[in-house]
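> fold the following for me, if possible:
(2 chains)
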Protein chains: 2
Amino acid sequence: MSTDEMMGALSQKALQLLREDAHKIETLIEVQMKTLTNRRCPLYEEVLDTQMYGLSREVDFAVRAGLIDEATGKEILFKLERNLANLYEALNQQSE
Amino acid sequence: MSTDEMMGALSQKALQLLREDAHKIETLIEVQMKTLTNRRCPLYEEVLDTQMYGLSREVDFAVRAGLIDEATGKEILFKLERNLANLYEALNQQSE
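Residues are numbered from 1 along each chain as shown, chains lettered A, B, ... in the order given. Okay, the predicted model is just below:
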């Protein structure tokens, strides 16, 4: 294996791990979206915020370690943040 | 550069980043230790807990990505957790 191939494999692995973690949060958001008939659950929202913070630290670390580029990292977080914003908007409309 | 050398350099870089982040938390703990004459500050303690959580996610990611071994990751966190425990003990004794 060449050093280029190795770096490629490590970057792929890093990206895969980050996408897995992002997917877990995505699932948490979807579950909450489906149970919008329930009352708001501040604890659940805190769990989501904490998970988002954890993922942002992982992404930041992967960028600093040179495993993924900054744009890719931002893309992973941006998509999730948009989903989270949609969830909170839906929750707010419901509580009005 | 051989693949072994490259892996070594990446691991070194990852370790350096984690130690830098650990050092930032260490400094936060020391500042709080020196100002023990002040009242307890729950917000400060929450910042410390959040930072510790963020670092634990970075360490976990580095282990999963194969950049550092699990024992090294645990060692970084263990030392900080001991310092944090000392701080909280000192704060508790003071508030008694």
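> settle this for me: residue A:60 is touching residue A:73, isn't it.
Yes. Residue A:60 is within contact range of residue A:73, at 7.2 Å (criterion: Cβ atoms under 8 Å). C-beta: built from backbone N, CA, C; applies to glycine.
> who has more neighbours out of the two?
In this view residue A:60 and residue A:73 are compared by other Cβ atoms under 10 Å in any protein chain shown, and residue A:73 has more residues nearby, 23 against 17.
> quick check: chain neighbours aside, which residue is closest to the more buried one?
residue A:59 (4.2 Å; Cβ to Cβ, 6 or more residues apart in numbering or on different chains).
> okay, and that neighbour sits in which element?
Following DSSP states H and E, one finds residue A:59 within helix A:42-64.
> residues in contact with that helix?
A:14, A:17-18, A:21-22, A:24-25, A:28-29, A:32, A:68-70, A:73, A:76-77, A:80-81, A:84, A:87-88, B:14, B:17-18, B:50, B:53-55, B:57-58, B:61-62, B:65 (Cβ atoms under 8 Å, 6 or more residues apart in numbering or on different chains).
> if I pick the closest residue in space to residue A:6 that isn't next to it in sequence, what's in contact with it?
Counting by Cβ to Cβ, 6+ apart, residue B:3 is the residue found nearest to residue A:6 once chain neighbours are left out, at 4.8 Å. Going by Cβ under 8 Å, 6+ apart, residue B:3 touches A:1, A:2, A:3, A:6.
> ok now do the last one, which residues does it touch?
So that's residue A:6. So residue A:6 contacts B:3, B:6, B:7 (Cβ under 8 Å, 6+ apart).
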